[in-house]
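K.L.:
Quick one: sequence plus predicted model below, questions after.
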Amino acid sequence: MIGYFTIAALVFSFVSHDFIKDKDARKDDLGAWFFITFAALIWPLTLPNMVRTVVATGLNAHRSQEKQSLPEASRA
(Lines give C-alpha, C1' and ligand atoms only; values in the text may rest on other atoms or scores of the structure.)
Protein backbone atom coordinates (compact mmCIF):
# COMPACT_ATOMS: atom_id res chain seq x y z
CA MET A 1 0.00 0.00 0.00
CA ILE A 2 2.88 2.37 0.75
CA GLY A 3 4.33 1.62 -2.68
CA TYR A 4 1.04 2.45 -4.38
CA PHE A 5 0.79 5.87 -2.72
CA THR A 6 4.49 6.54 -3.27
CA ILE A 7 4.08 6.06 -7.00
CA ALA A 8 0.84 8.07 -6.91
CA ALA A 9 2.73 10.94 -5.23
CA LEU A 10 5.44 10.77 -7.90
CA VAL A 11 2.83 10.84 -10.68
CA PHE A 12 1.10 13.77 -8.98
CA SER A 13 4.38 15.68 -8.77
CA PHE A 14 5.20 14.95 -12.42
CA VAL A 15 1.78 16.03 -13.69
CA SER A 16 1.49 19.06 -11.41
CA HIS A 17 4.99 20.20 -12.42
CA ASP A 18 3.94 20.23 -16.09
CA PHE A 19 0.67 21.92 -15.16
CA ILE A 20 2.48 24.67 -13.26
CA LYS A 21 4.90 25.23 -16.16
CA ASP A 22 1.96 25.71 -18.57
CA LYS A 23 1.53 29.46 -18.92
CA ASP A 24 -2.03 29.17 -20.31
CA ALA A 25 -3.44 26.96 -17.54
CA ARG A 26 -5.43 28.59 -14.75
CA LYS A 27 -3.72 27.59 -11.51
CA ASP A 28 -6.78 28.52 -9.42
CA ASP A 29 -9.08 26.11 -11.28
CA LEU A 30 -10.16 23.56 -8.67
CA GLY A 31 -11.45 21.17 -11.34
CA ALA A 32 -7.98 20.93 -12.89
CA TRP A 33 -6.44 20.06 -9.53
CA PHE A 34 -9.11 17.41 -8.92
CA PHE A 35 -8.35 15.92 -12.33
CA ILE A 36 -4.61 15.87 -11.63
CA THR A 37 -5.27 14.18 -8.28
CA PHE A 38 -7.61 11.65 -9.89
CA ALA A 39 -5.05 10.90 -12.63
CA ALA A 40 -2.41 10.33 -9.96
CA LEU A 41 -4.66 7.97 -7.99
CA ILE A 42 -5.36 5.82 -11.05
CA TRP A 43 -1.68 5.74 -11.99
CA PRO A 44 -1.72 2.07 -13.08
CA LEU A 45 -3.84 3.25 -16.01
CA THR A 46 -2.39 6.71 -16.64
CA LEU A 47 1.34 6.22 -16.01
CA PRO A 48 2.01 3.86 -18.96
CA ASN A 49 0.42 6.37 -21.34
CA MET A 50 2.43 9.26 -19.84
CA VAL A 51 5.66 7.31 -20.19
CA ARG A 52 4.81 6.35 -23.78
CA THR A 53 4.12 10.00 -24.65
CA VAL A 54 7.37 11.23 -23.09
CA VAL A 55 9.41 8.52 -24.80
CA ALA A 56 7.76 9.11 -28.19
CA THR A 57 8.30 12.87 -27.93
CA GLY A 58 11.95 12.41 -27.02
CA LEU A 59 12.46 9.86 -29.79
CA ASN A 60 10.85 12.13 -32.40
CA ALA A 61 12.99 15.07 -31.27
CA HIS A 62 16.10 12.90 -31.48
CA ARG A 63 15.18 11.72 -34.99
CA SER A 64 14.52 15.24 -36.27
CA GLN A 65 17.79 16.47 -34.76
CA GLU A 66 19.60 13.54 -36.36
CA LYS A 67 18.09 14.34 -39.78
CA GLN A 68 19.17 17.97 -39.50
CA SER A 69 22.75 17.02 -38.70
CA LEU A 70 23.14 14.73 -41.74
CA PRO A 71 24.89 16.21 -44.78
CA GLU A 72 22.75 16.81 -47.89
CA ALA A 73 24.41 13.98 -49.88
CA SER A 74 23.54 11.32 -47.31
CA ARG A 75 19.86 12.36 -47.11
CA ALA A 76 19.08 11.22 -50.65
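P.N.:
Yes, it's here.

K.L.:
quick one: average confidence on stretch 2-17?
P.N.:
Taken as a whole, stretch 2-17 carries a mean pLDDT of 90.

K.L.:
Which positions in it come out as buried?
P.N.:
8, 11-12, 14-16 (16 or more other C-beta atoms under 10 Å). To be clear about C-beta, it is placed using only N, CA and C from the backbone, and glycine gets the same treatment.

K.L.:
Looking at this structure, which helix is longest?
P.N.:
helix 43-69 (DSSP state H).

K.L.:
Quick one: list the elements packing against that helix.
P.N.:
helix 2-21 (3 or more C-beta pairs under 8 Å, 6 or more residues apart in numbering; DSSP states H and E).

K.L.:
Apply 10 Å and report the result again.
P.N.:
Using 3 or more C-beta pairs under 10 Å, 6 or more residues apart in numbering; DSSP states H and E, the elements in contact with helix 43-69 are helix 2-21, helix 30-41.

K.L.:
what about the ones you listed, which gets the closest to T57?
P.N.:
With C-beta to C-beta as the measure, helix 2-21 is the member of the helices and strands packed on helix 43-69 nearest T57 (11.9 Å).

K.L.:
mind listing what F12 touches?
P.N.:
5, 33, 36-37, 39-41, 43 (C-beta atoms under 10 Å, 6 or more residues apart in numbering).

K.L.:
mind redoing it with 7 Å?
P.N.:
Residues near F12 by C-beta atoms under 7 Å, 6 or more residues apart in numbering: 36-37, 40.

K.L.:
Go through those residues and say which is closest to L47.
P.N.:
Nearest member of the contacts of F12 to L47, counting by C-beta to C-beta, is A40, at 9.1 Å.
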